[in-house]
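Asks: would you be able to build a 3D model of this:
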Amino acid sequence: MTDETAIHTEGLTKHYGEVEALVDLDLGIRRGEVFGFLGPNGAGKTTTIRTLLDEIRPTAGTATILGMDTHLKSVEIRDHIGYVPGDLAMYPNLTGMDTLTYFANLRGGVDWDGVNTFAERLDADLSKKVGDLSSGNRQKIGLIQAFMSKPELLIMDEPSSGLDPLVQREFQKMMREVVAEGRTVFLSSHTLSEVQRVADRVGIIRNGRLIAVEGVAKLRSKAIRRVTLVFDRPVDGDRISSVEGARDVVVENHHVTLSFDGEMQLLINAVTDGHHLVDISTHEADLEEIFLTYYEDEVV
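Replies: Residues are numbered from 1 along each chain as shown. Predicted structure coming up:
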C-alpha cells in the first residue's frame, strides 16, 4: 500500500453462516482513477462496499480507505468520501433542497453555487418533496449529495439506476471531471456500457471472489475479435488456421472470416506472405462480451 492508494484490502472476507458472500478480496485502487466493480446481482459487490464502509464487519481480512483503517477510522473516513448506496433512501417529506441542506449541515457546509450547477447538469428539481419524485429523480438528489462536498473518494453502488440516457451521459462527464482533479471513483455496477465509457480499470467479481482486475484497454486486447479479410485472389485457409489464436476460419473464394484472440501482427504477417491483402476489418468485443466470457458457466 502507498500514499497513491485510495482503497486497499487484504483477504477481506464476509460469511453469513455457510454463505460465502465475499472471499479473500485483495484489491488496490489507485487515487485518480475510475475503478469499475462489475458483477451481477448477488456477486458480492454490495457486500464489499458495506464492509468497506464498516456497515458490516468482515469475517476476516483488513481494509483501508485513503490510508485509514476502515473500522478504527470509520467516522473520520466519512469526512473524505461521497457515497451513493444501492438502496438509496431519503426522508419523503423533505424537498430535494431540504435534503441537500441536511447533508450539507452534516458536512459543515458546501459550495451552494456548485450544488446548483450539479442540479442544472442533472436536470434535478430541488423544489419537490422527495416522496413525490420518480426513482430516477430521487437518484439525482443522491448523486448531488455525493458530489457536492468534492470528496477525495466517491463510492457508488449502481448509481445510474433510473437515470435517462442524457442524464447518464452528464453523470459520466462528472465522474471523469473528478478523476481529472486527482480524486477517485469506485463505481459498482452491472451496467456494462457505463463502466466501459468511464472506467480506467475494471474488477470482475463472481460468487464473492475477484476473478479479474484489468485495464479496460487490456481486457479488450485479450478479447476475441471477428476479423474479415479480403484478398485479390482465392486463398488457402490452412495457413491462416495455423496462426496462433485463429479459430473458426471460413474461406469463401477471396474472402476469409475468422475469430481471433492472438497478436494481430502475427495474423497480418501470415496473410500478406505471398498474398495481396485488399481489405481488413475487425469487430472488437465490447466489455459486455468480455464480461460474459468470465461468466460462461454462470447465470448472469
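
Asks: can you give me the helices in the chain?
Replies: Secondary structure of the chain (DSSP state H): helices located at 45-52, 74-77, 96-107, 112-121, 135-147, 165-180, 192-198, 216-222, 237-241, 264-272, 287-294.

Asks: quick check: buried residues in the fifth one?
Replies: Applying a neighbour-count criterion of 16 or more other Cβ atoms under 10 Å, one finds Asn137, Arg138, Gln139, Lys140, Ile141, Gly142, Leu143, Ile144, Gln145, Ala146, Phe147 buried in helix 135-147. Heads up, the C-betas are built off the backbone N, CA and C, glycines and all.

Asks: which residues touch the residue nearest the centre of the chain?
Replies: Centroid-nearest residue in the chain, with Cα atoms, centre = their mean: Gly36, separated by 2.1 Å. Gly36 sits next to Leu187, Ser189, Val195, Val198, Ala199, Arg201, Val202, Gly203, Val216 when contact means Cβ atoms under 8 Å, 6 or more residues apart in numbering.

Asks: can you check Gly131 too?
Replies: Gly131 sits in contact with Pro92, Asn93, where contact means Cβ under 8 Å, 6+ apart.

Asks: gap between it and Asp98?
Replies: 12 Å (Cβ to Cβ, to the nearest Å).

Asks: what's next to stretch 200-210, contact-wise?
Replies: For stretch 200-210, using Cβ under 8 Å, 6+ apart, the contacting residues are 14, 20-27, 33-39, 43-45, 47-48, 179, 195, 211-216, 219, 287, 291, 294-295, 298.

Asks: quick one: low-confidence ranges for the protein?
Replies: Confidence mapping of the chain against pLDDT under 70 gives the ranges 1-3, 220-223, 284-300.

Asks: domains of it?
Replies: The chain breaks down by automatic domain parsing into domains covering 5-216, 224-283.

Asks: please work out which of these is packed deepest.
Replies: Of all those, domain 5-216 has the most neighbours on average by mean count of other Cβ atoms under 10 Å, namely a mean of 18.

Asks: gap between that one and the chain center?
Replies: Offset of domain 5-216 from its chain centre (Cα atoms, centre = their mean, to the nearest Å): 11 Å.

Asks: so what's the closest residue to Phe186 other than its chain neighbours bridging to?
Replies: Nearest non-adjacent residue to Phe186, counting by Cβ to Cβ, 6 or more residues apart in numbering: Ile155, 4.7 Å away. Ile155 has these beta-bridge partners by DSSP bridges: Tyr83, Phe186.

Asks: what number of residues lie near Ala217?
Replies: Other residues lying near Ala217 total 9 when counted by other Cβ atoms under 10 Å.

Asks: and it, how far is that from Ala199?
Replies: On the measure of Cβ to Cβ, Ala217 and Ala199 end up 10 Å apart.

Asks: over to Asp79?
Replies: 26 Å.

Asks: how about Thr228?
Replies: 29 Å.

Asks: and for Thr62?
Replies: As judged by Cβ to Cβ, Thr62 and Ala199 stand 25 Å apart.

Asks: same deal with Val235?
Replies: Taking Cβ to Cβ, one finds Val235 at 40 Å from Ala199.

Asks: again, but for Asn41
Replies: 19 Å.

Asks: what of Ser127?
Replies: Distance from Ser127 to Ala199, by Cβ to Cβ: 34 Å.

Asks: same check on Gly61?
Replies: From Gly61 to Ala199 the distance is 24 Å (Cβ to Cβ).

Asks: contacts only, for the residue of the chain most remote from its centre.
Replies: What lies farthest from the middle of the chain is Arg233; by Cα atoms, centre = their mean that is 45.3 Å. Applying Cβ under 8 Å, 6+ apart to Arg233 gives the contacts His254, His275, His276.

Asks: and Leu66, which of the helices of the chain is closest to it?
Replies: Evaluated with Cβ to Cβ, the helices of the chain place helix 74-77 nearest to Leu66, the distance being 6.8 Å.

Asks: now that closest one - C-alpha only, CSV.
Replies: Coordinates of each C-alpha in helix 74-77 appear next as CSV, following Å, rounded to 0.1, in the frame of the first residue of the first chain:
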residue,chain,number,x,y,z
SER,A,74,-14.8,4.8,10.0
VAL,A,75,-16.1,8.1,11.3
GLU,A,76,-13.1,10.1,10.0
ILE,A,77,-13.3,8.4,6.7
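
Asks: so Gly162 touches Gly142, yeah?
Replies: No - if you go by Cβ atoms under 8 Å, Gly162 and Gly142 don't touch, sitting 10.1 Å apart.
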